[in-house]
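> what's the 3D shape of this:
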Amino acid sequence: QVQLVESGGGSVQAGGSLRLSCAASGDTYRRCRMAWFRQALGKEREGVAVIDILGRRSYADSVKGRFTISQDNAKNTLDLQMYSLKPEDTAMYYCAAQYPGLLPCEYNHWGQGTQVTVSS
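Below you'll find the model as predicted:
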């Protein structure tokens, strides 16, 4: 049983920093990738950052140079370090994991989300 639990959200002023963490349970050997998504009020969910089993990372253009995704396979955790936060980063942030499903790799496990609010 795979479970994902996020923590670390909160309210900060523009220019501030936050670190989100995701504690995962369940097997890791079948996992393809882990990622952070976000959804702002009234907007569609968007991918923020993704990391694969080899540690290769990719980021949304809007967060490149400001956010860093990392994983600790031994602890089975996923982090998102966020710097230089902007009001437009305000959203609910979700941890997600890719495992085999109907597709070889699909995001079929999600956390409950943690709120990030950035004030100007």
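
> all contacts plus neighbour counts: C-alpha atoms, from now on.
Fine.

> next, the residue nearest the centre of the chain: secondary structure please.
Note on the chain: the residue nearest the mean C-alpha position is Trp36, at 2.0 Å, using C-alpha atoms, centre = their mean. Look at Trp36: counting by DSSP: H, G, I helix; E, B strand; the rest coil, its state is strand.

> run a quick neighbour tally on the residue lying closest to it once chain neighbours are set aside.
In space, Trp36 comes closest to Cys95 once its chain neighbours are excluded; the distance is 4.8 Å by C-alpha to C-alpha, 6 or more residues apart in numbering. Cys95 has 29 neighbours, counted by other C-alpha atoms under 10 Å.

> in this structure Cys95 contacts Trp110, no?
Yes. Using C-alpha atoms under 8 Å, Cys95 is in contact with Trp110, at 5.9 Å.

> list residues touching both of the two?
Shared contacts of Cys95 and Trp110, defined by C-alpha atoms under 8 Å, 6 or more residues apart in numbering, comprise Leu4.
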